[in-house]
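In: Sequence plus the predicted model coming up.
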There are 2 protein chains.
Amino acid sequence: MVYSRLMAVDRDHVLRSAAALLTRKSTATMDEVARAAGISRATLHRHFAGRDALVRALEALGIAECEAALEAARPEEGPAEDAVRRLVAAVEPQAGLLAFLYSENQLFEGEEQNEGWTRIDERIADLFRRGQESGEFRIDLTPAWLTEALYGLLASAAWAVAEGRVAPKDFTRMVVELLLGGTRRRTGSAPREHQRNES
Amino acid sequence: MVYSRLMAVDRDHVLRSAAALLTRKSTATMDEVARAAGISRATLHRHFAGRDALVRALEALGIAECEAALEAARPEEGPAEDAVRRLVAAVEPQAGLLAFLYSENQLFEGEEQNEGWTRIDERIADLFRRGQESGEFRIDLTPAWLTEALYGLLASAAWAVAEGRVAPKDFTRMVVELLLGGTRRRTGSAPREHQRNES
DNA sequence: CCCGAGTGAGACATGAATATCTCACATGGT
DNA sequence: ACCATGTGAGATATTCATGTCTCACTCGGG
């Protein structure tokens, strides 16, 4: 019996479609989640003890994806600006899930947040700090705020894309350009080229 | 009998404390909302037919506050950059309520959103568009995205302040500086002074 | 061919939040 | 002192999502 492996595959598929659905409708019912995954409510409950367990599993998935994105982006290599670009590009596919977890976190209110997020927060803050120390980034905005702002922009962009307000293909460029360059037009030097989307 | 005027005052007070509570705990129960306002469930129900009506009233309040802030900020006067600073400063007191409504809007999913938001969106987008046409702002980010990003940064900042991650006094500066100037350090010209908080 | 694991469909109970109602009490005006 | 209005507290009903259970079905392996 290879049921354990089959379960794992199914579980992952359920998790993915749940993430996709809850991204759009964060109050979706367990029945809706099940139908979205193409299974019945009973089977969904066989995979996840309850809604809480499902959200926890989604949180674990989000953390794992974020850490994978951080790994792929190599945040401590090269210019900090390029590292930020790599990071946003790598995390873009998970932006919807991130936005869901981001707002869901507000509901955990009293409880301590998963330490996985703390680790990720610190790695991202380290990236901004590195950019400040190298002179690339301004030093009058704290790394903690820049990290928080990155999350906020990712969530905003994911939502704006879902609403059809902006084109999906512009996602990474919009987030990165606003985060790094801001709204103000560059006056002193020629604007940096920003068409390259990755690498 | 002046009960109609008294009701109005009470209703506003209830609305304010409900906004303050739901800003912190968006899933607060009707009973918690009532207690936070210092009244009983029954009285709360006498003011608002149900939770839905309460949220609608909060939405109306948020829209009114936003329009008042827009009015006070005079977005079409002077340099666009200064207008953005005035706008963020004027809207700061309502950032928590805005963040709550911003996430709550995702639940209205299918329904059309209140046209009040559309009006506000357009006025803010017009401000960014004006800055682009005057040459102050870069033109490679759409006004719609800049508007969306402003909402996201306001919500992020409100949440970060509530979590104690950043100091409340830095709120406006953080949002404005990141939105306008971005993370990147200015190289060509000396960084613009940004200590003036208002006017 | 048979057996069993996994599944879907549905019944059923539980719990939470909501919505409605009643009743006693306090307060303010006459 | 009396009365009316608004209120708080509690009881009750309803709704809805959740969690648990049963049972029949199917598909794949032995």
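Out: Thanks, I have the structure now. Residues are numbered from 1 along each chain as shown, chains lettered A, B, ... in the order given.
In: which is the next helix or strand following the helix or strand of chain A with the lowest mean pLDDT?
Out: Here the helix or strand of chain A ranked lowest by mean pLDDT, DSSP states H and E is helix A:3-24, holding a mean of 77. Following helix A:3-24 in sequence order, the next helix or strand is helix A:30-37 (DSSP states H and E).
In: Is any residue of that next one near chain B?
Out: No: Helix A:30-37 lies out of reach of chain B by C-beta under 8 Å from any C-beta of the partner chain, never closer than 11.6 Å. All C-beta atoms are positioned from the backbone trio N, CA, C, and that covers glycine.
In: Pull out the buried positions in that helix.
Out: A:33-37 (16 or more other C-beta atoms under 10 Å in any protein chain shown).
In: what helices or strands is that helix leaning on?
Out: If you count contacts as 3 or more C-beta pairs under 8 Å, 6 or more residues apart in numbering or on different chains; DSSP states H and E, helix A:30-37 packs onto helix A:3-24, helix A:41-47, helix A:51-73.
In: How many neighbouring residues does A:Thr142 have?
Out: By other C-beta atoms under 10 Å in any protein chain shown, the residues close to A:Thr142 number 19.
In: where does the closest residue to it other than its chain neighbours sit relative to A:Ala157, distance-wise?
Out: Among residues not flanking A:Thr142 along the chain, B:Val166 sits closest, at 6.8 Å (C-beta to C-beta, 6 or more residues apart in numbering or on different chains). Counting by C-beta to C-beta, to the nearest Å, the gap from B:Val166 to A:Ala157 is 21 Å.
In: coming back round to it: any idea which of the helices and strands packed on helix A:30-37 is most buried?
Out: helix A:51-73 (a mean of 17; mean count of other C-beta atoms under 10 Å in any protein chain shown).
In: one step back: which of B:Val166 and A:Ala157 has more residues huddled nearby?
Out: It is A:Ala157, of B:Val166 and A:Ala157, that has more neighbours when counted by other C-beta under 10 Å, with 28 against 20.
In: Quick one: distance of the helix or strand harbouring that one to the chain centre.
Out: Secondary structure assignment for A:Ala157, by DSSP H and E: helix A:143-162. The chain centroid and the centroid of helix A:143-162 are separated by 9 Å, computed with C-alpha atoms, centre = their mean, to the nearest Å.
In: which helices and strands does that helix pack with?
Out: helix A:3-24, helix A:80-91, helix A:95-105, helix A:115-133, helix A:171-181, helix B:143-162, helix B:171-181.
In: For the residue in chain A positioned nearest to DNA strand D, grab the count of nearby residues.
Out: Closest approach between chain A and DNA strand D, counting by C-beta to the nearest atom of the strand: A:Gly50, at 2.5 Å. When neighbours are counted by other C-beta under 10 Å, A:Gly50 registers 11.
In: Show the pLDDT at it.
Out: Model confidence at A:Gly50, given as pLDDT, is 92.
In: tell me the phi and psi of it?
Out: Main-chain dihedrals, A:Gly50, degrees, to the nearest 10: phi -170, psi -180.
In: list the buried ones in stretch A:163-170?
Out: Neighbour-count burial for stretch A:163-170 [16+ other C-beta under 10 Å]: A:165-166, A:170.
In: Now it - C-alpha only, PDB.
Out: Taking C-alpha atoms only, stretch A:163-170 is exported to PDB below (Å, rounded to 0.1, in the frame of the first residue of the first chain):
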ATOM      1  CA  GLU A 163      -9.900  42.700  -8.600                       C
ATOM      2  CA  GLY A 164      -8.700  43.300 -12.100                       C
ATOM      3  CA  ARG A 165      -7.500  46.800 -11.300                       C
ATOM      4  CA  VAL A 166      -4.000  46.100 -12.500                       C
ATOM      5  CA  ALA A 167      -2.500  43.600 -15.000                       C
ATOM      6  CA  PRO A 168      -1.000  40.400 -13.500                       C
ATOM      7  CA  LYS A 169       2.100  40.800 -15.600                       C
ATOM      8  CA  ASP A 170       3.000  44.100 -13.900                       C
END
